[in-house]
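**Q** After the sequence you'll find the predicted model.
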Amino acid sequence: MKISNTTFANEEVILDFHQYEGCTFNQCRFVVLGYGAFAFNQCQVNACEFTFAGPAASTIKTMASIYAVGDQGKALIEGTFDQIRSGSAGNQG
């Protein structure tokens, strides 16, 4: 769903399957469920936070568990973050 030129303030905003264009977000809580992609195009984001629920939360918990294992786990997760930073994450398969 495309949402354009809307201001959100102090509310929970589900991101999955939404494309936000020219929107302003003030002190919102973004919720990523992990069911579908989302996009921000020319939006302003002020003092907002991300939270994760559903499959996205399971992924975060799994990554946290791997990270907590020790140096090898930390290296694996840091490698994943390096792939995200370089734009190559999710391009396998």
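**A** That came through fine. Not measured: the values here are computed from a predicted model.

**Q** Let's see stretch 58-68 as CSV, backbone CA atoms only.
**A** Only the C-alpha atoms of stretch 58-68 are listed here, as CSV (Å, rounded to 0.1, in the frame of the first residue of the first chain):
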residue,chain,number,x,y,z
SER,A,58,12.5,-14.5,15.8
THR,A,59,15.3,-13.6,13.4
ILE,A,60,16.6,-10.9,15.8
LYS,A,61,16.5,-13.4,18.7
THR,A,62,18.3,-16.0,16.7
MET,A,63,21.0,-13.6,15.8
ALA,A,64,21.3,-12.5,19.4
SER,A,65,21.7,-16.1,20.5
ILE,A,66,24.4,-16.7,17.9
TYR,A,67,26.2,-13.5,18.9
ALA,A,68,26.2,-14.6,22.6
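
**Q** Mean confidence (pLDDT) on that stretch, please.
**A** What stretch 58-68 shows for mean pLDDT is 96.

**Q** Any idea how many residues pack against the closest residue to residue 56 other than its chain neighbours?
**A** The shortest distance from residue 56 to any non-neighbouring residue, by Cβ to Cβ, 6 or more residues apart in numbering, is to residue 34 (3.2 Å). Bear in mind the C-beta positions are built from the backbone N, C-alpha and C, glycine included. Per other Cβ atoms under 10 Å, the neighbour tally for residue 34 reads 15.

**Q** residues contacting residue 34?
**A** Each residue near residue 34 by Cβ atoms under 8 Å, 6 or more residues apart in numbering is listed here: 16, 52, 54-59.

**Q** Same check on residue 55?
**A** Per Cβ under 8 Å, 6+ apart, neighbours of residue 55: 33-35.

**Q** and those residues as TSV, adding distance to residue 2 and secondary structure?
**A** Formatted as TSV, the contacts of residue 55 follow (distance: Cβ to Cβ, whole Å; DSSP: H, G, I helix; E, B strand; the rest coil):
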residue	distance to residue 2	secondary structure
33	18	coil
34	20	coil
35	17	coil
